[in-house]
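> just coords:
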């Protein structure tokens, strides 16, 4: 089974406004509400690809009820921990001549709630996949990712970590199966701007030397690079299309990579499916559908590079 963890889920209220004017009354011409959070996005795209997962995390109040309901409406399973007080956050995504976001803070998570999460984590068994994705609220300890992976030490778990800075660096000692920084995040880890593919590959291999098994680096319109554990390196340009959505593309890439890998344990196929899924979400108003992913797969030619 695949488990995804979203520590601070949200209801994403997505509105479109013609020529937004600050300080004035603006009327929307389009609006929708979706369950949000990086792990939740992974679960939805996996479900679109016909793969079941269990979404975990913390929810609170009537907004938490709505997050769970909408996720279940997608056909996803969930095992959220319900907090006794507070409200799950609402994030406003405003799309106009520019995109703007207002993200809520989220409810307070107490020690007893963290223990409940650990109890669920302890049930994960050999052969399962665990996806830890996104930032953490300030009511959680900064080493929560480390504590989770330490509890799973000794089990044959495929751990996927999609996070930034210390959240990512500090878990490399647990040898995660996959990490997915983008090229800018990768540069931040090394305190410099990466100028070319060779820089990206060199830094990715450095993260491998610190413990990561596979490093998937997304580069927006430039495609992606995979440095995988056997030593092979792949690069592929992004498929052609019009970018309509900046939310969830990276999460979709993670879901696509997992789906491709679990199908036949082939890294090149996993890489291709990851790029197709990430691009399909970027080219759509919603998260990637199976049909859109399959259509883009036919465009993608993976280029193998010598290590």
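Thanks, I have it. No experiment lies behind these values; they were computed from the predicted model shown. Numbering: from 1, shown residues only.
> Quick one: residues contacting residue 240.
Applying C-beta atoms under 8 Å, 6 or more residues apart in numbering, one finds that residue 240 lies in contact with residue 299. (Glycine included, C-beta is placed from N, CA and C.)
> quick check, it in a strand?
No - read with DSSP: H, G, I helix; E, B strand; the rest coil, residue 240 is coil and lies in no strand.
> beta partners for residue 94?
residue 15, residue 100 (DSSP bridges).
> wait, isn't it in contact with residue 101?
Yes - in this structure, residue 94 is within contact of residue 101 by C-beta atoms under 8 Å, at 7.1 Å.
> So for those two, which residue has more residues nearby?
Taking neighbours as other C-beta atoms under 10 Å, residue 94 and residue 101 compare with residue 94 leading, 17 against 13.
> Who are the contact partners of that one?
Counted by C-beta under 8 Å, 6+ apart, residue 94 has contacts 15, 17, 20, 100-102.
> What's the PyMOL syntax to select whichever of those residues are buried?
Remark: buried members of the contacts of residue 94, expressed as a PyMOL selection using 16 or more other C-beta atoms under 10 Å:
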select buried, resi 15+17+20
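> Considering the contacts of residue 94, which is situated nearest to residue 175?
Ranked by distance to residue 175 (C-beta to C-beta), the contacts of residue 94 are led by residue 101 at 34.1 Å.
> What residue, apart from its backbone neighbours, is nearest the closest one spatially?
residue 93 (5.5 Å; C-beta to C-beta, 6 or more residues apart in numbering).
> Could you report the separation of that neighbour from residue 35?
The gap separating residue 93 from residue 35 is 13 Å, by C-beta to C-beta, to the nearest Å.
> now do residue 127
Counting by C-beta to C-beta, the gap from residue 127 to residue 35 is 27 Å.
> Between the two, which is the more surrounded one?
residue 35 (27 against 10).
> Parallel or antiparallel, which strands does the one helix or strand that one maps to pair with?
Element membership of residue 35, judged by DSSP states H and E, is strand 28-36. Strand pairing for strand 28-36, using DSSP bridges, gives strand 10-17 (antiparallel).
> So for the strand it pairs with, what gets flagged as buried?
Buried, per 16+ other C-beta under 10 Å, within strand 10-17: 10-15, 17.
> quick revisit: ok, the residue nearest to residue 101 touching residue 247?
Yes - using C-beta under 8 Å, residue 93 makes contact with residue 247 at a distance of 6.6 Å.
> Overlap in contacts, these two.
12, 14.
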